[in-house]
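# coords please:
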Amino acid sequence: MKIKSLFLAVGILLSANAVSHAQTADEIINSYLDAIGGVEHWKNFNSMRVTGNAIQMGVNYPFTVISMRPNLQKVVADVMGKQFIEAYDGESAWGLNPFTGATEPQKKTEEESKESAMQHFESDFIDYKDKGYTVTLEGTEEIEGAKCYNLKLVKEEGREEYHFIDAENYVPIMTRSFIPTGEMKGQAVETYFSDYQEVEGTGVVVAFTMEQRFNGQVVMQMVTEKVEFNPEDLTKESFAFPEK
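Okay, the predicted model is just below:
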């Protein structure tokens, strides 16, 4: 009886110790933010330019992505000699898609503008409570051979995303989001991140390779060549809809 009691006591002690060291969602988020350079570093940046090359449907093309606080963004791609643009200027989303026959930039619908406005310059996890988001830890899952924490992020209008954070290095391995509009609304899109590098002179770390998969198939891969923070030539006018 005494031996059984001793084993029982040890078992209870070990269980309590395991619970006391269990990671909470906020602890995981803090470790993740530290791993990518720390919140204070990121808050020093007001704009960013990313350039690189993408592969989509067998076509390789260069891209440039610019962004500015709080939610301005613009993607420019040179696809088969034609310029493709997706942008948000702080009020309206607009774009140019020559593959639909368009020859001039056009403003998008109110719903598309609202969707673009929800995209933040910085990580959604920075000050996530102030943004009105909630986060819960949904357990662990193996992604690409790595044990990951599964963080469920609930954003505006109850939209859900699942972020899989490497349990060893605390960087995102994959994000699962859901198409918000159109014919494929509700379908899951998985974005995988790899090749994390520190951006020279900044103290921050970003993924230089991103791969999107739909129904298990790779639909796009983006490889970053250069990241610039606070480039002097970027202004709010860089995102403006070109008036005639």
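# who does the helix or strand hosting Asn60 touch, helix- and strand-wise?
With elements taken from DSSP states H and E, the one containing Asn60 is strand 59-68. Packing contacts for strand 59-68, counted by 3 or more Cβ pairs under 8 Å, 6 or more residues apart in numbering; DSSP states H and E, involve strand 47-56, strand 72-79. From N, CA and C alone the C-beta is placed, and that goes for glycine too.
# Ile126: which of these is closest?
strand 47-56 (14.1 Å; Cβ to Cβ).
# Which SSE is immediately downstream of the helix or strand of the chain with the lowest mean pLDDT?
Within the chain, no helix or strand scores below helix 2-20, which has a mean of 41 by mean pLDDT, DSSP states H and E. The C-terminal neighbour of helix 2-20 among helices and strands, as given by DSSP H and E, is helix 25-35.
# Flag every buried residue along that next one.
Ala25, Ile28, Ile29, Ser31, Tyr32, Leu33, Ala35 (16 or more other Cβ atoms under 10 Å).
# Tell me where this protein has helices.
Remark: helices assigned in the chain by DSSP state H are 2-20, 25-35, 39-43, 110-117.
# Would you mind confirming that Thr134 is in contact with Val154?
Yes. Using Cβ atoms under 8 Å, Thr134 is in contact with Val154, at 4.7 Å.
# Tell me which of these two has more neighbours.
Val154 (15 against 12; other Cβ atoms under 10 Å).
# OK, contacts around the more buried one?
Tyr133, Thr134, Val135, Thr136, Glu160 (Cβ atoms under 8 Å, 6 or more residues apart in numbering).
# just those residues now: which is nearest Ala54?
Glu160 (26.7 Å).
# Show the pLDDT at that closest one.
Here the pLDDT value assigned to Glu160 is 95.
# Would you enumerate the residues in contact with the residue lying closest to Gln119 once chain neighbours are set aside?
Of all residues beyond its chain neighbours, the one nearest Gln119 is Asn71 (5.6 Å), with distances taken as Cβ to Cβ, 6 or more residues apart in numbering. Residues in contact with Asn71 (Cβ under 8 Å, 6+ apart) are Tyr88, Gly90, Ser116, Ala117, Met118, Gln119, His120, Phe121.
# do the same with Asp195
Neighbours of Asp195 in contact, by Cβ under 8 Å, 6+ apart: Ala207, Phe208, Thr209.
# next one: Lys108
By Cβ under 8 Å, 6+ apart, the neighbours of Lys108 are Ser92, Ala93, Trp94, Gly95, Ser116.
# In CSV, list those residues along with distance to Glu144 and neighbour count.
Below are the contacts of Lys108 laid out as CSV (distance: Cβ to Cβ, whole Å; neighbours: other Cβ atoms under 10 Å):
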residue, distance to Glu144, neighbour count
Ser92, 38, 17
Ala93, 33, 21
Trp94, 36, 22
Gly95, 32, 20
Ser116, 30, 22
